[in-house]
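> give the three-dimensional model of this entry:
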Amino acid sequence: AQGSSENISSLDSVIRSNPRDPEAYNVRGSAFGRAGRNSDAIKDFNTALQLNPNFYQAYANRALVYRNMGNTAQAAADYSKSIQ
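Modelled structure (predicted):
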């Protein structure tokens, strides 16, 4: 299941093989978010966005985690970036 430790483990190996792939960080960030590991999720979304500053899906996913953390201002800013 997404968010399971097995899923995150397999994504870790994908990232080790492809450390410059923003999609891999985005997917693992989503898995971290589903597992309740919000700070790990934010870190992966940040990395995805450093690798691809126009990665709207990473902005949307990061916004969701920020919203779940109660950071509505940052969530709104990221949602806005995700639809530009």
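
> worst-scoring helix or strand of this structure, pLDDT-wise?
helix 5-17 (a mean of 94; mean pLDDT, DSSP states H and E).

> remind me what it packs against, helices and strands.
On a contact count with 3 or more CB pairs under 8 Å, 6 or more residues apart in numbering; DSSP states H and E, helix 5-17 meets helix 22-34. (Glycine included, C-beta is placed from N, CA and C.)

> centre of the chain to the helix it packs on, how far?
4 Å (CA atoms, centre = their mean, to the nearest Å).

> then stretch 42-60?
The answer for stretch 42-60 is 7 Å, by CA atoms, centre = their mean.

> can I get the CA coordinates of that stretch in CSV?
Output of stretch 42-60 as CSV, limited to C-alpha atoms (Å, rounded to 0.1, in the frame of the first residue of the first chain):
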residue,chain,number,x,y,z
ILE,A,42,7.9,18.4,2.8
LYS,A,43,11.6,17.7,2.3
ASP,A,44,11.0,15.4,-0.7
PHE,A,45,8.6,17.9,-2.3
ASN,A,46,11.2,20.7,-1.8
THR,A,47,13.8,18.5,-3.5
ALA,A,48,11.4,17.7,-6.4
LEU,A,49,10.8,21.5,-6.8
GLN,A,50,14.6,22.3,-6.7
LEU,A,51,15.1,19.8,-9.5
ASN,A,52,12.0,21.0,-11.5
PRO,A,53,10.7,24.5,-10.3
ASN,A,54,7.7,24.1,-12.6
PHE,A,55,6.5,20.8,-11.2
TYR,A,56,2.9,21.8,-10.4
GLN,A,57,2.0,18.4,-9.0
ALA,A,58,4.7,18.7,-6.3
TYR,A,59,3.3,22.2,-5.3
ALA,A,60,-0.2,20.7,-5.1
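
> and for the nearest residue to Gln84 once chain neighbours are set aside, the neighbour number?
Closest residue in space to Gln84, ignoring its immediate chain neighbours: Tyr56 at 7.6 Å, by CB to CB, 6 or more residues apart in numbering. Neighbour count of Tyr56, defined by other CB atoms under 10 Å: 14.
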